[in-house]
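J.: What would the 3D arrangement of this be:
(one chain, ligands or ions: 1)
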Amino acid sequence: MSKVIAICNQKGGVGKTVTTVNLGVGLARKGKRVLLVDVDAQGSLTASLGYQHPDQLDETLATVLGKVIGDKPLASGEGILHQKEGLDLLPANIDLAAMEVTLVNIMSRETILQEYLNTVRDQYDVILLDCCPSLGMLTINALSAADEVLIPMQAHYLSLKGMEQLMRAIGRVKRQINPTLTISGILITMADMRTTYSQEIVELLRGTYGDQLRIFDTIIPRSIRAAETSAEGKSIFVHDPSGKVSAAYEALTLEVAS
Ligand SMILES: Nc1ncnc2c1ncn2[C@@H]1O[C@H](COP(=O)(O)OP(=O)(O)OP(=O)(O)O)[C@@H](O)[C@H]1O
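T.: Residues are numbered from 1 along each chain as shown. The predicted model follows:
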C-alpha cells in the first residue's frame with residue numbers, strides 16, 4: 001500500500017523542494033519505489049532534478065490533470081520521467097498556473113490530483129508532493145490526495161505565525177474532504193543551532209505544538225552545500241555525501257520510514 005505525503009507550507013523558501021528531493025532520494029536508497037510530483041508552477045522541483053528549462057517539457061502534471069478533467073485516456077506512466085538517482089518525477093512548468101485557474105470552475109475540483117494519483121499509486125511505495133507556496137486550489141488538491149502532510153519550517157518567528165493559518169487549512173480539508181489526513185510532523189529546516197535565536201524558536205515550537213504534533217528529532221542545518229544542490233541537479237547524497245545536511249536527510253529518511 002503506497003503512502004502519499006504532501007510537503008507543504010504556504011510560506012515560500014522554507015525548504016519544501018530541497019526536502020522533497022532529498023527525502024525522496026533517501027527513501028529510494030532504502031529500496032522504496034518513489035515518485036516525486038511537482039505541484040508548483042515555478043517548476044523548482046523539476047529544475048532541481050536537472051531539467052533546467054521546465055517550460056520546454058511537453059508532458060507535465062498540467063497535461064495529465066487536463067486529461068483527467070477531460071475524461072481522456074492516460075497511457076501507463078504518461079508524463080513520468082525516470083531519474084538517475086533511482087526515483088521517478090512527474091514534472092511541472094508554468095502550464096500548471098493555467099490549470100489552477102481551470103480547476104476553480106470544474107466539478108470535483110478539489111480531488112482531480114487524487115483521481116490522477118489513484119491511477120499510479122500501485123506502482124510506488126511513497127509519493128511525495130512538492131506543494132507551492134500558497135493555499136490555493138493546487139495545495140488543496142495535494143492535501144485532499146495526501147495521507148500525510150510533512151511541514152518544513154524555518155526556525156524564524158514569522159514562520160511560527162504562518163503555522164496557524166496552515167493548521168486551519170489542513171483542519172478544513174480534513175473535515176470536509178479527507179478525514180484520514182494526518183500531520184506526519186514539522187521539520188525544522190535551515191537552522192543554525194549554534195545561535196540562541198534558533199534554539200529559542202525551536203523551544204517555542206516544541207512548547208506550542210509539541211504535545212499535539214510530532215516535531216521531527218532531525219533538524220536540517222543551514223549549509224551552502226545544500227543550497228548548491230538545486231543548481232547541480234543532484235541530491236545532497238551525491239553532491240556532499242559526507243556533509244552534515246546529507247547526514248540530516250539520512251536521519252529524516254529513517255524517521256519518516258519508521
Ligand atoms: N539546508 C539548507 N541550507 C541552505 N540553503 C538551503 C537549505 N535548504 C534549502 N536551501 C535553499 O533555500 C532556498 C529555498 O529552498 P527551497 O526551494 O527548497 O524552498 P521552497 O519552500 O520549496 O521554496 P518555494 O516556496 O519557492 O517553493 C533555495 O535557494 C535552496 O537552495
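
J.: and the longest strand for the protein?
T.: Assignment by DSSP state E gives strand 182-191 as the longest strand of the chain.

J.: which residues touch that strand?
T.: 5, 14-15, 18-19, 147-155, 163, 170, 198, 202, 205, 209, 213-216, 218-222, 226, 252, 255-256 (CB atoms under 8 Å, 6 or more residues apart in numbering). C-betas here are computed from N, CA, C, even on glycine.

J.: Adjacent strands (with direction) for it?
T.: strand 148-154 (parallel), strand 215-221 (parallel) (DSSP bridges).

J.: winner for burial among those?
T.: strand 148-154 (a mean of 24; mean count of other CB atoms under 10 Å).

J.: Other residues contacting it?
T.: If you take CB under 8 Å, 6+ apart as the criterion, strand 148-154 is touched by 3-9, 11, 13-16, 19, 23, 143, 159-160, 163, 166, 170, 181-191, 205, 220, 256.

J.: which ones are touching the residue in the stretch 51-200 of the chain positioned nearest to the ligand?
T.: Proximity of the stretch 51-200 of the chain to the ligand (CB to the nearest ligand atom) peaks at Pro133, 3.4 Å away. By CB under 8 Å, 6+ apart, Pro133 lies in contact with 9-13, 16, 40.

J.: 10 Å instead?
T.: Counting by CB atoms under 10 Å, 6 or more residues apart in numbering, Pro133 touches 8-14, 16, 40, 42, 44, 139.

J.: Now, of the residues you listed, which are buried?
T.: Applying 16 or more other CB atoms under 10 Å to the contacts of Pro133, the neighbour count classes 8-11, 14, 16, 40, 42, 44, 139 as buried.

J.: Mind checking which of these are in strands?
T.: Reading strands off the buried ones among the contacts of Pro133, I find no matches (DSSP E).

J.: List, out of those residues, those positioned next to the ligand.
T.: Of the residues in the buried ones among the contacts of Pro133, proximity to the ligand by CB under 6 Å from any ligand atom holds for 14, 16, 40, 44.

J.: From Ser230, how far off is the second one?
T.: Taken as CB to CB, to the nearest Å, the spacing of Lys16 relative to Ser230 amounts to 12 Å.
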